[in-house]
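Colleague: model the following, please.
(one chain, ligands or ions: 1)
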Amino acid sequence: MRPHDPRVDEALAAFARHFGGTPTRLAGAPGRVNLIGEHTDHNGGLCLPFALPQRTFAALRPRADQIVRMHSTHRDQSLEWDLREARACRGWAAYVVGTLAALGHRTGFDILVHSDVPVGAGLSSSAALTCAVAVASSPEADLTTLLRATITAENDYVGAPTGGLDQSVVLGARAGTALLLDFSRPESERVVRTAPTAVPGHEWWIFDTHVAHDLADGGYAARRRECTAAAEALGVPTLTLASPAAVAELSLREATLAARARHVLTENARVRAMTAALDARDAATIGTLLTRSHRSLRDDFAVSCAELDVAVEVLLGSGAVGARMVGGGFGGSAVALLPTGSARQVGSALAGAFGRRGWRAPTPLAAGRGNEGATRVV
Ligand code: GLA
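Modeller: All right, here's what the predicted structure looks like:
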């Protein structure tokens, strides 16, 4: 977060307008982009995400009753819910109420949410929200407690069976770096090391295709079930532990399950290679790995969509050194490594290609080089 972040002043002003007075606490948590390592978290594998400059702020004040009153500035919506009925809560309020319930809060809050993280763009607006609420409401909680509660909120209260990547980076990110996360380890030991994200002569950009993806709808859960079935067929507790020979053998009997497993094994290898390429600031290798990851997600894991495939091919054709879809898939954004100063020209090539197909032009977002994770501001 920048010193004197104007978004904090906006959140404080909005709190005063909607609830009167001042909040007792305010915390901010970033969106994230995963450079590589997609659908590996729920398979005991490796991921390499960094935090975006876009942030969600939660300003709150405790109440004496069990009611949670919420207002979201970017949705321009006010809601309230009884904490005792947390399990029945739905929609964006479930992320807030589920987090409070998972942290064991028994009394309510007035909560103002103010955010510039795009929603449904595969950039973890959900984890930015749960982590901002968690840090603001339980500033004394340690990282593992915050991690468990925010994952529980999403898995058990919202009903999205996500794997922990988002919450790990949103809570633990460090400026100027990506985090190498290893999901074969317990929560408190998952950050293996950091890797520098600066690539001389290049910039990280994100292009939001506006194809809304929702992790609580069926596609993500279906892929998780396939991964569990593939691990069972291979006789391993997680796909990361499968051998390439066993996967090749499985492909003769169960082509789809074998393809899911092949993605996980090749993606873990690409995460290791990407970490080395970032250390070496080797733009060409970084680009190749990004693009290979996309093709694996498209062909073996089958979580891309027409808009993401067109976006990646147009990005590559208009100067990107590499590009791939980001996050759970079925929509959302593409990330690209671009030569410095080329984003405008690449953006218009994308707008043209989308326009010819009758699709809305993707929105470009400068991804920066990695921001701090969730922090308490007040
Ligand atoms: C979503 C989930 C993560 C992870 C990614 C895919 O972002 O929340 O847990 O599985 O998809 O890598």
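Colleague: near the ligand, which residues of the stretch 101-250 of the chain show up?
Modeller: 162-166, 215 (Cβ under 6 Å from any ligand atom). No exception for glycine: its C-beta is placed from N, CA and C like everyone else's.
Colleague: restricted to helices, list these.
Modeller: In this view, these that belong to helices under DSSP state H are 165-166.
Colleague: adding pLDDT and neighbour count, write the residues of the stretch 101-250 of the chain next to the ligand out as a markdown table.
Modeller: Formatted as a markdown table, these follow (pLDDT from 0 to 100; neighbours: other Cβ atoms under 10 Å):
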| residue | pLDDT | neighbour count |
| --- | --- | --- |
| T162 | 93 | 23 |
| G163 | 94 | 23 |
| G164 | 97 | 21 |
| L165 | 98 | 28 |
| D166 | 98 | 29 |
| L215 | 69 | 23 |
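Colleague: all helices of the stretch 1-150 of the chain, in order?
Modeller: Taking DSSP state H, counting those that start in this stretch, the helices of the stretch 1-150 of the chain run over residues 6-19, 92-102, 125-137, 143-152.
Colleague: just name the most buried of those helices.
Modeller: Highest mean neighbour count of the helices of the stretch 1-150 of the chain: helix 125-137, a mean of 29 (counted as mean count of other Cβ atoms under 10 Å).
Colleague: next, the angle helix 92-102 makes with that one.
Modeller: Taking axes from the mean of the first three to the mean of the last three Cα atoms, to 10 degrees, one finds helix 125-137 and helix 92-102 inclined to each other by 40 degrees.
Colleague: from the chain's centre, how far out does helix 125-137 sit?
Modeller: 13 Å (Cα atoms, centre = their mean, to the nearest Å).
Colleague: avg pLDDT for that helix?
Modeller: Average pLDDT, helix 125-137: 98.
Colleague: can I get that helix in CSV, CA atoms only?
Modeller: C-alpha atoms of helix 125-137 as CSV (Å, rounded to 0.1, in the frame of the first residue of the first chain):
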residue,chain,number,x,y,z
SER,A,125,-11.5,-10.4,-5.4
SER,A,126,-12.9,-13.0,-3.0
ALA,A,127,-9.7,-13.6,-1.1
ALA,A,128,-9.0,-9.8,-1.0
LEU,A,129,-12.4,-9.4,0.7
THR,A,130,-12.2,-12.3,3.2
CYS,A,131,-8.6,-11.4,4.1
ALA,A,132,-9.3,-7.7,4.6
VAL,A,133,-12.3,-8.6,6.8
ALA,A,134,-10.2,-11.1,8.7
VAL,A,135,-7.3,-8.8,9.4
ALA,A,136,-9.6,-5.9,10.4
SER,A,137,-11.8,-8.0,12.7
